[in-house]
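> sequence unavailable; structure follows:
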């Protein structure tokens, strides 16, 4: 799991601006009149949502607004999600705010508006987080081309079960197709990439073992108890099992690492780029504030460290 806030390109100002921009887009979507099944005439959805939320209070006893729901940080969003009053309000909104639709499947109006948001603003949302790889698996690129993104948007708290959170910024995780569809509506308590308290190097470690002189096997070890659920839900052991070729390549590179070649790289660039000579040599970022840049970076970093340790012990 790659923590989104470990990304060295994201600071508090950047993320605050992204959240503010997100709310401006969402506000335009919900601040309109919509026909709701079972209700006469049309309703202003934003007004209706704010009215429904008056019984949901924060720690200071202040009622939440829909803007609060959309912009709450991950930690508060998680605490809100386990509140019995939130469950009641969400269930009420889930069952009663169903859009009128002729000949089409009925769906919650907030989920419907999320689909409109995704199609028109999904690319912009993903780009605002400055992440190139899937934070769940760190195996696939999710960066963007011209007017298109390879990312899907996973709802950490299922939009089917929690439509009230369908447009919440910190409930939307850019991910690869594989992870989005593997997770689906899993009830497992997994770690969110928005969880600031979980650092990648502190929660997971990759290692390898040797079956023969030319064949390795991969181990995925959890360093944090909760990470076991991520490993299970995203089938990380099965996914990483195929990368023995990379292990064997790295063993050759580390064991035959020519110091003069590393020195020549250093002299060539002389600090002109934000990449170390070793990262150029191995072709991957080697610190957790850069794992977001390339697939398999955390995996390769751990394998390189293990090989170096083995060499020191020989």
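Alright, I've got the coordinates. Predicted, not measured: the structure shown is a model, and the values here were computed from it.

> any regions of the stretch 201-314 of the chain where pLDDT drops low?
Residue ranges of the stretch 201-314 of the chain with pLDDT under 70: 213-214, 258-262, 265-273.

> show me where it has its helices.
Remark: helices assigned in the stretch 201-314 of the chain by DSSP state H, counting those that start in this stretch are 227-233, 236-240, 244-255, 259-269, 277-282, 297-313.

> tell me what angle the longest one forms with helix 244-255.
The one in question is helix 297-313. Angle between the axes of helix 297-313 and helix 244-255 is 50 degrees (criterion: axes from the mean of the first three to the mean of the last three C-alpha atoms, to 10 degrees).

> residues contacting residue 78?
residue 192 (C-beta atoms under 8 Å, 6 or more residues apart in numbering). All C-beta spots, glycine's among them, are computed from the backbone N, C-alpha and C.

> what helix or strand is it on?
Assigned by DSSP states H and E, residue 78 belongs to helix 74-81.

> any idea of the mean pLDDT in that helix?
Mean pLDDT, helix 74-81: 92.

> next secondary structure after it?
Using DSSP H and E, the next helix or strand after helix 74-81 towards the C-terminus is helix 84-96.

> on that earlier part again, okay, the helices of the stretch 201-314 of the chain in JSON lines with distance to residue 207 next?
Listed next are the helices of the stretch 201-314 of the chain as JSON lines, based on distance: least, C-beta to C-beta, whole Å:
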{"stretch": "helix 227-233", "distance to residue 207": "13"}
{"stretch": "helix 236-240", "distance to residue 207": "10"}
{"stretch": "helix 244-255", "distance to residue 207": "10"}
{"stretch": "helix 259-269", "distance to residue 207": "25"}
{"stretch": "helix 277-282", "distance to residue 207": "17"}
{"stretch": "helix 297-313", "distance to residue 207": "6"}
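
> dump those to a markdown table, plus distance to residue 140 and mean neighbour count.
Shown next, in a markdown table, are the helices of the stretch 201-314 of the chain (distance: least, C-beta to C-beta, whole Å; neighbours: other C-beta atoms under 10 Å):
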| stretch | distance to residue 140 | mean neighbour count |
| --- | --- | --- |
| helix 227-233 | 16 | 19 |
| helix 236-240 | 10 | 17 |
| helix 244-255 | 15 | 16 |
| helix 259-269 | 28 | 11 |
| helix 277-282 | 20 | 17 |
| helix 297-313 | 12 | 17 |
